[in-house]
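**Student:** Have a look at this fold, sequence not included:
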C-alpha cells in the first residue's frame, strides 16, 4: 500500500531520478503500449518460428480464435462454477479474517497468537490441504474452502495492520472528549484501517480464484476452469488449454482492476494508490 | 502486493517480544508461551474439525494418529524416513525455482532501475502479470516444458519472480535522494549508486519478497509434482488419496506445513540479522 506512493515521491523529489523522468502521461501510455506489443510479438515469434515444430505454444491469434470458437457455450458453465466457488470462498475467508481481526483488537493479548495462526495458515500449502478436503467434503465445498484459505492470511494481516495504524493523537482526542473504546473504534480505527483493508481485499480476489482453480485441479469435479484446463491438457488440445489459462488470467486481472477502482472511490484520501500502475 | 512489505517487519516484532535490555528473558518466555498457545489452538481446532465434520476415523486422522505414524508407532522410523525422502525431493524442486525466481527478479529490477526506458516500456506488463495466478497455469507450463524438473522450476520460479521484481523495484527506488546525491557529488557513477545506496535500501523489500515467496514456491512445486513429474510429496499425496493411505496423507500435510513454516520463520531470522547489520533505517522510506 505504501510502495506506489513512495514511487511518486521519489519521482518528484529526487533530483537524480527526475532528470531522466521528464516524460508526460501521454508518453508513458505510449511506452506501455509498446511494451505490450513487444511481449505479444515475442510470444508470436516463439510460437510460430522458434517452437513451431513442438506445437506446445500456439500463437496469440490461435488462442484468441480458439476462445472465440469455444464461445459462451463452453465458457459459460465453467466460469459460473469457478467464479461461484471463488466468490463464496472470498466471502467466507474475508468475513472470518475481519471478524478475527476485530476480536483480537478487543483482546489484544491474543494478537501474537492470531498472527502466528495466520502465518501457519499461509504456510499450509493449499495443494496439501486439498486432498484432505476432497476426502472430507463432497461436491464443490473443497474448492470454496481452498479459496477461503487462500485469502485468509492477507486479509487478517492487512486488517490488523490497518487497525493498528490509527493515529495516536486522534485516539486521545476521542478520549479527551469523553468517547469510549467503541467511539475510538468507530470514529478513528475503522477509518484508518480502511485503505489497508481495501488493499488486501484487492489482493485477495486473484488469490481466491487461484484457490478455486487449484481445488478443481485436485478434486474430482468435471466442470470449472481448472477441471476443463486439465481435461484439455490431457486431450492435448493445446490451444484450448492456453485459452482457458488466458481467460482465467484476464478475469483475475479484471477483478483486481475493478477493486482498484472501488478502493479509489472508498478511500479517496490515499493519494494515487494505484496510479503507478 | 506491497502490503506484505509492511507485514514482515510487524510480525517479526511480535515474535521478538519486548526488546528492553533487562527484559530479555521475559520476552523469550513470552514468545515461547505464545508459540505453545498457537500450537494448542491448532491442535484443538484439528480435533474439533474432525468431530464437527463427522468423519469416520478411517479417513480423518487426528494429531495422535499422525504422531503414532511418524514417531511412536510400529514402523514409525521407516514411515518418517520415507516421508522425509519425499520432502527432500519437494524441497529441491521448490528451492531451485525459488532461488531462480528471486535472482531473476532482483536482476530485472536492477536493470529497470538503471534504464528508465526499459522500465517505462515493460513495467506495465509486469504489473499486469503480477496479478496473474501462475500456479493456475500449471497445465500450460507442463505442455510447454514437458514432464520434467524444468516445468517444476518454471512454475515455482514464476510464482516468486513477479512479486520480487515489483517489491525490489520499489525498494530500489525508495533509496534516499540525499545519499544518492552524496555519492554523485563524490564522483560515483550509476554503478556506485546502485551498490552503495540503492541495493542496501532495497533489502527489506527483498526479504519481504523472499518470505512471501516461500509458500508460493512450495505450492507451485507440489502442484507440478501432483500433476506430472511423479515424484516428491505432491505425487505421494495423490497416491495416498487413491490407495487409502490416509495416515500417510495426513502426516505429509503436517510435515509440509511444519517445513514451510520453519523456512518462513528462518527467512525472517536471516532478515532481522541482515537488517540489524545494515541498520534498521535501511529502506526506511516506506
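**Tutor:** Received the coordinates, thanks. Quick caveat: nothing in here was measured; it's all calculated off a predicted structure.

**Student:** Can you tell me the SS state at residue A:166?
**Tutor:** coil (DSSP: H, G, I helix; E, B strand; the rest coil).

**Student:** before we move on, what about the one 4 residues further on?
**Tutor:** Assigned with three-state DSSP, residue A:170 falls in the helix class.

**Student:** My read is that residue B:221 contacts residue B:233, right?
**Tutor:** No - counting by CB atoms under 8 Å, residue B:233 is not a contact partner of residue B:221; they are 9.1 Å apart. Bear in mind the C-beta positions are built from the backbone N, C-alpha and C, glycine included.

**Student:** Of the two, give the one with the bigger neighbour count.
**Tutor:** A direct count of neighbours by other CB atoms under 10 Å in any protein chain shown for residue B:221 and residue B:233 places residue B:221 higher, at 35 against 32.

**Student:** just to revisit the earlier point, could you pull out the residues contacting both of residue B:221 and residue B:233?
**Tutor:** Common neighbours of residue B:221 and residue B:233 are listed as residue B:90 (criterion: CB atoms under 8 Å, 6 or more residues apart in numbering or on different chains).

**Student:** Name the spans of chain A whose pLDDT lies under the cut-off.
**Tutor:** Low-confidence segments of chain A (pLDDT under 70): A:1-23, A:52-54, A:271-277.

**Student:** remind me, longest helix of it?
**Tutor:** Secondary structure of chain A per DSSP state H: the longest helix is helix A:60-106.

**Student:** Would that one count as contacting chain B?
**Tutor:** No - legend: contact between helix A:60-106 and chain B by CB under 8 Å from any CB of the partner chain is lacking; minimum distance shown is 9.7 Å.

**Student:** Check which element follows that helix along the chain.
**Tutor:** Moving toward the C-terminus from helix A:60-106, the next helix or strand (DSSP states H and E) is helix A:111-123.

**Student:** In terms of secondary structure, what does that next one contact?
**Tutor:** Where contact means 3 or more CB pairs under 8 Å, 6 or more residues apart in numbering or on different chains; DSSP states H and E, helix A:111-123 is packed against helix A:60-106, helix A:141-164, helix B:3-16, helix B:24-52, helix B:203-224, helix B:246-278.

**Student:** what sits up against it?
**Tutor:** Helix A:111-123 is contacted by residues A:100-101, A:104-105, A:149, A:152-153, A:156-157, A:160, B:11, B:14-15, B:34-35, B:37-38, B:41-42, B:214-215, B:218, B:257, B:260-261, B:264-265 when judged by CB under 8 Å, 6+ apart.

**Student:** Please list only the buried members of these.
**Tutor:** With burial judged by 16 or more other CB atoms under 10 Å in any protein chain shown, the buried subset of the contacts of helix A:111-123 is A:100-101, A:104-105, A:149, A:152-153, A:156-157, A:160, B:11, B:14-15, B:34, B:37-38, B:41-42, B:214-215, B:218, B:257, B:260-261, B:264-265.

**Student:** who in the stretch 151-286 of chain B is up against chain A?
**Tutor:** The stretch 151-286 of chain B has residues B:166-167, B:170-171, B:173-175, B:177, B:180-181, B:184, B:193, B:205, B:214-215, B:218-219, B:222-223, B:226-227, B:233-234, B:237-238, B:240-241, B:246, B:249-250, B:252-253, B:256-257, B:260-261, B:264-265, B:285-286 near chain A, with proximity defined as CB under 8 Å from any CB.

**Student:** could you flag which of those are buried?
**Tutor:** B:166-167, B:170-171, B:173-175, B:177, B:180, B:184, B:193, B:205, B:214-215, B:218-219, B:222-223, B:226-227, B:233-234, B:237-238, B:240-241, B:246, B:249-250, B:252-253, B:256-257, B:260-261, B:264-265, B:285-286.

**Student:** what number of residues lie near the residue lying closest to residue B:164 once chain neighbours are set aside?
**Tutor:** Closest residue in space to residue B:164, ignoring its immediate chain neighbours: residue B:105 at 2.9 Å, by CB to CB, 6 or more residues apart in numbering or on different chains. Here the number of neighbours of residue B:105 (other CB under 10 Å) works out to 26.

**Student:** ditto for residue A:267
**Tutor:** Applying other CB under 10 Å, we find 17 other residues in the vicinity of residue A:267.

**Student:** Tell me the spacing between it and chain B.
**Tutor:** Distance from residue A:267 to chain B, counting by CB to the nearest CB, to the nearest Å: 14 Å.

**Student:** Could you do residue A:170 as well?
**Tutor:** For residue A:170, the distance to chain B - CB to the nearest CB - is 20 Å.

**Student:** Pull the distance from stretch A:248-256 to the chain's centre.
**Tutor:** Stretch A:248-256 sits 9 Å away from the centroid of its parent chain (CA atoms, centre = their mean, to the nearest Å).

**Student:** ditto for stretch A:236-253
**Tutor:** Distance of stretch A:236-253 from the chain centroid (CA atoms, centre = their mean) equals 17 Å.

**Student:** repeat for stretch B:46-58
**Tutor:** On CA atoms, centre = their mean, the centre of stretch B:46-58 falls 30 Å from that of its chain.

**Student:** Contacts for that stretch, please.
**Tutor:** Stretch B:46-58 is contacted from outside by A:136, A:137, B:60, B:62, B:63, B:244, B:246, using CB under 8 Å, 6+ apart.

**Student:** which of those residues has the most neighbours?
**Tutor:** Of all the contacts of stretch B:46-58, residue B:246 has the most neighbours under the rule other CB under 10 Å, reaching 22 neighbours.

**Student:** ok, that residue to residue A:136 distance?
**Tutor:** 11 Å (CB to CB, to the nearest Å).

**Student:** if I look at those two, which residues touch both of them?
**Tutor:** Joint contacts of residue B:246 and residue A:136 (CB under 8 Å, 6+ apart) are B:59, B:60.

**Student:** how deep is residue B:43 tucked in, by neighbour count?
**Tutor:** The number of residues packed near residue B:43 is 13, by other CB under 10 Å.

**Student:** show me the contacts for the residue lying closest to it once chain neighbours are set aside.
**Tutor:** Using CB to CB, 6+ apart and skipping the chain neighbours, the partner closest in space to residue B:43 is residue B:63 (5.3 Å). By CB under 8 Å, 6+ apart, the contact list for residue B:63 reads B:43, B:46, B:47.

**Student:** Just put the residues you listed in CSV and tack on pLDDT.
**Tutor:** Output for these, formatted as CSV (pLDDT from 0 to 100):
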residue, pLDDT
B:43, 89
B:46, 85
B:47, 85
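
**Student:** List just the nearest of those residues to residue B:138.
**Tutor:** Closest approach to residue B:138 among the contacts of residue B:63 (CB to CB): residue B:46, at 28.7 Å.
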